[in-house]
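Visitor: no sequence for this one, just the structure:
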């Protein structure tokens with residue numbers, strides 16, 4: 001319904017950061033990287049297209065958001081609504097702060113790759129090619145940078161929603177339909193961007209297997225997409241939300 005295009009950001013950032021470092025990558029490593037990007041971009045597009053003829057987790061939640069807005073219009077004291085927004089916004093703030101801390105750690109690891117390789121030499125099933133190691137850390141940093149920008153934008157959107165709730169008139173006065181639609185869209189966008197920020201965390205877990213083997217990286221990426229698909233389209237949570245409609 002409401003979607004951004006992470007492909008442009010991810011592809012350009014990765015290309016800029018790892019330029020000059022991927023010349024000696026093997027064909028299997030290239031395939032695994034392309035599969036990772038294809039899964040991330042492809043599933044995002046599929047999820048957006050699926051919403052036009054099927055029910056997603058967010059589609060069911062959107063109907064509950066409309067009910068929430070209807071209750072906001074009827075309430076004289078809207079402290080409950082502002083408390084709900086503050087609680088949800090706190091989750092996005094925590095994820096944004098976590099992303100920033102992870103980025104700081106990854107940048108430090110990139111700057112001291114030799115020490116990191118020496119530290120992980122004794123670990124089994126880990127590749128120790130310096131170039132492969134640096135590329136993996138750079139891509140991981142790009143993923144969490146994308147997550148950070150997404151979560152911070154989500155925080156701003158919840159702030160906008162708070163302002164719109166404050167502008168809702170008294171129950172005795174009619175509400176402008178444009179204000180109602182704007183509030184619903186802002187809340188839906190905030191929920192959506194929090195969702196795609198969490199997806200970045202899922203894909204980062206798959207990216208950890210890049211340091212083991214390209215084939216395992218491909219399998220892990222496929223598994224992440226399968227988990228995302230099941231939770232968004234066939235989960236018990238979706239059934240519970242739909243049953244409340």
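Guide: Great, that's in hand. Treat the numbers as computed from the prediction; the structure is a model and nothing was measured. Numbers count the residues shown, from 1 in each chain.

Visitor: can you list the low-confidence ranges for the chain?
Guide: Within the chain, the stretches with pLDDT under 70 are 1-24, 50-54, 113-128, 245.

Visitor: quick check: closest non-adjacent residue to the residue nearest in space to the middle of it.
Guide: By CA atoms, centre = their mean, the chain has its centre lying nearest to residue 197, at 1.8 Å. Nearest non-adjacent residue to residue 197, counting by CB to CB, 6 or more residues apart in numbering: residue 150, 4.0 Å away. In short, each C-beta sits where N, CA and C put it, glycine included.

Visitor: longest helix anywhere in the protein?
Guide: With secondary structure taken from DSSP state H, the chain has its longest helix at helix 130-166.

Visitor: that one: which residues count as buried?
Guide: Neighbour-count burial for helix 130-166 flags 132-155, 157-158, 161-162, 164-165 (criterion: 16 or more other CB atoms under 10 Å).

Visitor: what's it packed up against?
Guide: The contact analysis (3 or more CB pairs under 8 Å, 6 or more residues apart in numbering; DSSP states H and E) places helix 130-166 against helix 6-17, helix 79-111, helix 113-119, helix 177-207.

Visitor: adding distance to residue 43, write the ones you listed out as JSON lines.
Guide: Below are these laid out as JSON lines (distance: least, CB to CB, whole Å):
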{"stretch": "helix 6-17", "distance to residue 43": "10"}
{"stretch": "helix 79-111", "distance to residue 43": "20"}
{"stretch": "helix 113-119", "distance to residue 43": "31"}
{"stretch": "helix 177-207", "distance to residue 43": "8"}
